[in-house]
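**Student:** let me see the structure of the following:
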Amino acid sequence: MNAVTLSLRPLVRASLLGRPTAAPMFARLGARCYSEGAQTGADQAEKSETNGDEKLKAALAEKDKQISDLQDLYRRSLADMENIRQRTKKEVENASSFAVTKFAKDLLDTADVLEIALKSVPESERANDSNKIMKDFYSGVSMTHTNLLKTFKRVGVEPFEETLGAKFDHNLHEAVFQAPVPGKEPGTVLEVLKSGYMIKGRVLRSAQVGVVTDTSN
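**Tutor:** As a prediction, this is how the structure comes out:
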């Protein structure tokens, strides 16, 4: 039972008994009820407004989360696409390098034969005008060898810069024989039997060499 109901009891009793004070009391009670009703309505309106604000904030927070998730998904997609692009590029380069590697290896024997032919001509005969045949032979083989090396270079294949006299490196050299040589530093390359070649920074073929050993052994 609320306060308004309790306050009505004496007024009703007074009205039934015909007391003159009932009317003013009813007026005051009505004003009180109106005031309480107005207050209740205001409280409800404020509560409704608060609930509306909370719902709006929750909806905005949910939208912000969805936007953040979409942005994260977008960034991940970009990263995946870049990884795929880089991987595809590398695979294409590897495929191209493999094809060039096979082509170059097939021609290394030709380069070896040309080098052997050049070495077989004595230095005294390479520019001897009295032996024109030998001179022309050496000149022709030398030009052929030079053009072959230029072709190699266009596809990324180059001979080792310096092998003779260099320190033996098992990553670059293949020791075919060893020999003690007085006056030579042990562990250095004494003779180059076959030149070594690189392809785009990688060893295509190790150089076949003779290595100096320690003379004290």
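
**Student:** quick one: the helices in the protein, in order.
**Tutor:** When assigned using DSSP state H, the helices of the chain occupy the ranges 3-16, 22-120, 132-154.

**Student:** quick one: low-confidence parts of the protein?
**Tutor:** Within the chain, the segments meeting pLDDT under 70 span 1-49, 217.

**Student:** for it, which residue occupies the most central location?
**Tutor:** Centroid check for the chain by C-alpha atoms, centre = their mean gives residue 83 as the closest residue, at 6.2 Å.

**Student:** what separation do you get for the residue nearest to residue 155 when sequence neighbours are not counted and residue 152?
**Tutor:** In space, residue 155 comes closest to residue 100 once its chain neighbours are excluded; the distance is 4.8 Å by C-beta to C-beta, 6 or more residues apart in numbering. Bear in mind the C-beta positions are built from the backbone N, C-alpha and C, glycine included. Noted for residue 100: a distance of 10 Å to residue 152, by C-beta to C-beta, to the nearest Å.

**Student:** check contacts around the residue nearest to residue 155.
**Tutor:** With contact set as C-beta atoms under 8 Å, 6 or more residues apart in numbering, residue 100 has these partners: 155-157, 199.

**Student:** farthest pair in those residues?
**Tutor:** Greatest spacing in the contacts of residue 100, by C-beta to C-beta: 155 and 199 (7.9 Å).

**Student:** quick one: common contacting residues for those two?
**Tutor:** In contact with both residue 155 and residue 199: 100, 104, using C-beta under 8 Å, 6+ apart.

**Student:** can you give me the neighbour number for the residue lying closest to residue 205 once chain neighbours are set aside?
**Tutor:** Excluding the flanking residues, the one nearest residue 205 by C-beta to C-beta, 6+ apart is residue 197, at 5.1 Å. If you count neighbours by other C-beta atoms under 10 Å, residue 197 ends up with 21.
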